[in-house]
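Chemist: quick one: sequence and predicted model below, then my questions.
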Amino acid sequence: MNENSQINGLSSVAMGFVLGAVVGAGIALLLAPRNGTETRQRLADAGGRLGDAARNKFNQARDVASGLKHDAASALDAGREAFAEGQKSRS
């Protein structure tokens, strides 16, 4: 799997998670109504869990991007060195 598909895969998973959480929260409110205080508390708890999950996905995506940056920099350095060696051997 290449790096672009990893990033796209993480984005798709995150969007699927968010959509599922929103739909699930809506269904829960419709099927199990509670008084206002309990509903607000449940929504706050669900929002906290959703925020934590979003932060985790963001951190994973950031780590993948950081790894890609490091790999690209290493490849660029290796290419520069190979080019320089090629130029030396031609002289």
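Modeler: It's in. Residues are numbered from 1 along each chain as shown.

Chemist: from here on, just use CA atoms for contacts and neighbour counts.
Modeler: Will do.

Chemist: now do the longest helix seen in the chain: distance to the chain's middle.
Modeler: Using DSSP state H, we find that the single longest helix of the chain is helix 36-90. Averaging C-alpha positions (Cα atoms, centre = their mean, to the nearest Å) puts helix 36-90 7 Å from its chain's average.

Chemist: which helices and strands sit right next to that helix?
Modeler: helix 3-31 (3 or more Cα pairs under 8 Å, 6 or more residues apart in numbering; DSSP states H and E).

Chemist: please pull out the lowest mean pLDDT helix or strand from the chain.
Modeler: In the chain, the helix or strand scored least confidently by mean pLDDT, DSSP states H and E is helix 3-31, which has a mean of 74.

Chemist: neighbours around Ser78, how many?
Modeler: Quick fix: residue 78 reads Ala, not Ser. Neighbour count of Ala78, defined by other Cα atoms under 10 Å: 12.

Chemist: from Val64, how far out is it?
Modeler: To Val64, Ala78 is 21 Å away according to Cα to Cα, to the nearest Å.

Chemist: go on, His70?
Modeler: 10 Å.

Chemist: buried set for stretch 17-26?
Modeler: For stretch 17-26, burial by neighbour count (16 or more other Cα atoms under 10 Å) applies to 17-18, 21.

Chemist: for stretch 32-51, same thing?
Modeler: Buried-residue list, stretch 32-51, by 16+ other Cα under 10 Å: 42, 50.

Chemist: quick one: mean pLDDT over that stretch.
Modeler: Throughout stretch 32-51, pLDDT has a mean value of 81.

Chemist: what does that stretch contact?
Modeler: The contact list for stretch 32-51 (Cα atoms under 8 Å, 6 or more residues apart in numbering) reads 18, 21, 25, 29.

Chemist: next one: Ser12 from Ala53, what distance?
Modeler: For Ser12, the distance to Ala53 - Cα to Cα - is 14 Å.

Chemist: the two: which is more packed in?
Modeler: Comparing Ser12 with Ala53 by neighbour count (other Cα under 10 Å), the higher total belongs to Ala53, at 15 against 12.
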